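Peer 1: Okay, sequence plus prediction incoming.
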Amino acid sequence: MLILLLFALAPFGGQDGTVPSGLDAAEQVALLLEERCSNCHSPGSDEPKATKHWPNALDLAGTVGNGELILPGNADESNLFLAVLDGDMPPPKSDALALTEPELELLAGWINAGAKVPPPARAVEADPAASQPALLRWISHFHPLIVHFPIALLIVALLAEMLALLRGSESLRGTAKFCLILGALASVPSAGLGWLLAAGTSHPDQPLLLHRWLGVTTAVFALVSVWFTLRRPERRVWFLLVLAILVSATGHTGGELTFGANWFQPPF
Ligand code: HEC
């Protein structure tokens, strides 16, 4: 258990400093140009004079490729930098904020360091699904369907167990046991199919790893719970409490993978 959890958390440490600072600067420059310049310098703007000189501030690679704008390695001869340095751009009469001293330094530093452009997004890299047999890939698509069985069964097991304790009901106790066993059995294919599904996607590593190891931990712990509580049924409620937490955390991180990191933010 602990080892699995450590595995799950491992990717959160020690990742700082792996991004070369040259590319860091490029990302900041891309953001800066987008915020301050793209209002006029982009295909959607109604400033034909602006786009004639610089068609698209959102396209950093295209901007760097235009020798009229940027001379990599030499900010002092790059018209784009000179235009902001002289205070011509953004036009003082416009609402766009002039660049601050640190922003000018960032821009100059980036150009002088060779005007590197961040690599294209990972989505355009080789499609990982292509290396998986079609049948396996298809079967893996049952993951989102089957996960709802352990989620519901394990939580219902907890409910039944708590009611059984309150009421002293033998039949509710049987229900809890039944739901726990079924939920534990269903958690195994859920985790397995999830593993397969992950092998065919290009989700960012960290959220995926956390979801994967929470899922595996849930399945393993569910099986251990069955094994243990068949011998010691009076402990079942504690196992079910832990399982309810594990299954909720796994479901939540799965939701984040599907709907994005902030999908569960309350509206306040
Ligand atoms: C409010 C609209 C607007 C914004 C915002 C704006 N520009 Fe411009 N830009 C123009 C217009 C209009 C021209 C054409 C000026 C001309 O032809 O006299 C232009 C021309 C330019 C030129 C070529 C002419 C020159 O002066 O060298 C550069 C380079 C340039 N802009 C860079 C930038 C940069 C960098 C930013 C962001 C920091 C920016 N612009 C923001 C409107 C804008």
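Peer 2: Here it is on my side, so go on. Numbering: from 1, shown residues only.
Peer 1: how near is Cys179 to the ligand?
Peer 2: Separation of Cys179 from the ligand (Cβ to the nearest ligand atom, to the nearest Å): 61 Å. Where C-beta positions appear, they are placed from N, C-alpha and C, glycine not excepted.
Peer 1: so where is the stretch 51-200 of the chain shaky, pLDDT-wise?
Peer 2: 119-130 (pLDDT under 70).
Peer 1: So which residues on it come close to the ligand?
Peer 2: Contact residues, the stretch 51-200 of the chain versus the ligand (Cβ under 6 Å from any ligand atom): 53-54, 69, 79-80, 83-84, 88-91, 94, 96, 99.
Peer 1: Out of the residues you listed, list just those in helices.
Peer 2: Applying DSSP state H to those, the entries found in helices are His53, Asn79, Leu80, Ala83, Val84.
Peer 1: Kindly indicate which of those lies nearest Val147.
Peer 2: For those, the minimum distance to Val147 (Cβ to Cβ) is 50.4 Å, reached by Leu80.
Peer 1: For the closest one, give me its contacts.
Peer 2: The contact partners of Leu80, by Cβ atoms under 8 Å, 6 or more residues apart in numbering, come to Trp54, Thr63, Leu69, Ile70.
Peer 1: do Thr253 as well
Peer 2: Thr253 neighbours (Cβ under 8 Å, 6+ apart): Pro207, Leu210, His211, Leu214.
Peer 1: returning to what we had before: of the residues of the stretch 51-200 of the chain next to the ligand, buried ones?
Peer 2: His53, Trp54, Leu69, Asn79, Leu80, Ala83, Val84, Met89, Pro90, Ala96, Leu99 (16 or more other Cβ atoms under 10 Å).
Peer 1: Was I right to think the second one contacts Thr63?
Peer 2: Put plainly, it is Trp54. Yes - here Trp54 lies in contact with Thr63, judged by Cβ atoms under 8 Å, at a distance of 7.0 Å.
Peer 1: what do those two both touch?
Peer 2: Common neighbours of Trp54 and Thr63 (Cβ under 8 Å, 6+ apart) are Leu69, Leu80.
Peer 1: Going along the chain, name the helices of the stretch 151-268 of the chain.
Peer 2: 170-199, 205-231, 236-259 (DSSP state H, counting those that start in this stretch).
Peer 1: I'd like the ones you listed written out as TSV, with distance to Pro43 added.
Peer 2: Below are the helices of the stretch 151-268 of the chain laid out as TSV (distance: least, Cβ to Cβ, whole Å):
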stretch	distance to Pro43
helix 170-199	37
helix 205-231	33
helix 236-259	30
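Peer 1: does Leu136 really touch Leu193, like I thought?
Peer 2: No - Leu136 is beyond contact range of Leu193, at 9.8 Å (criterion: Cβ under 8 Å).
Peer 1: More neighbours: which of those two?
Peer 2: Counted by other Cβ atoms under 10 Å, Leu136 and Leu193 do not tie: Leu193 has more neighbours, with 21 against 13.
Peer 1: Apart from its neighbours in sequence, what residue is nearest the more buried one?
Peer 2: Among residues not flanking Leu193 along the chain, His143 sits closest, at 4.0 Å (Cβ to Cβ, 6 or more residues apart in numbering).
Peer 1: ok, now which ones touch the one you found?
Peer 2: Applying Cβ under 8 Å, 6+ apart, the residues near His143 are Ser190, Leu193, Gly194, Leu196, Leu197.
Peer 1: Closest to Glu34 out of the residues you listed?
Peer 2: Relative to Glu34, the closest of the contacts of His143 is Leu197; by Cβ to Cβ it sits at 33.9 Å.
Peer 1: What's the separation between that closest one and Ser190?
Peer 2: Taking Cβ to Cβ, to the nearest Å as the measure, Leu197 falls 10 Å from Ser190.
Peer 1: who's more crowded, these two?
Peer 2: Ser190 (28 against 22).
Peer 1: Please give me every residue in contact with the more buried one.
Peer 2: With Cβ under 8 Å, 6+ apart, Ser190 has these contacts: His143, Ile146, Val147, Phe149, Pro150, Gly215, Ala219.
Peer 1: Equivalent analysis for Arg173, please.
Peer 2: Contact analysis of Arg173 by Cβ under 8 Å, 6+ apart lists Ala160, Glu161, Ala164, Pro233.
Peer 1: how close does the first one sit to Leu243?
Peer 2: What it means is Ala160. 13 Å.
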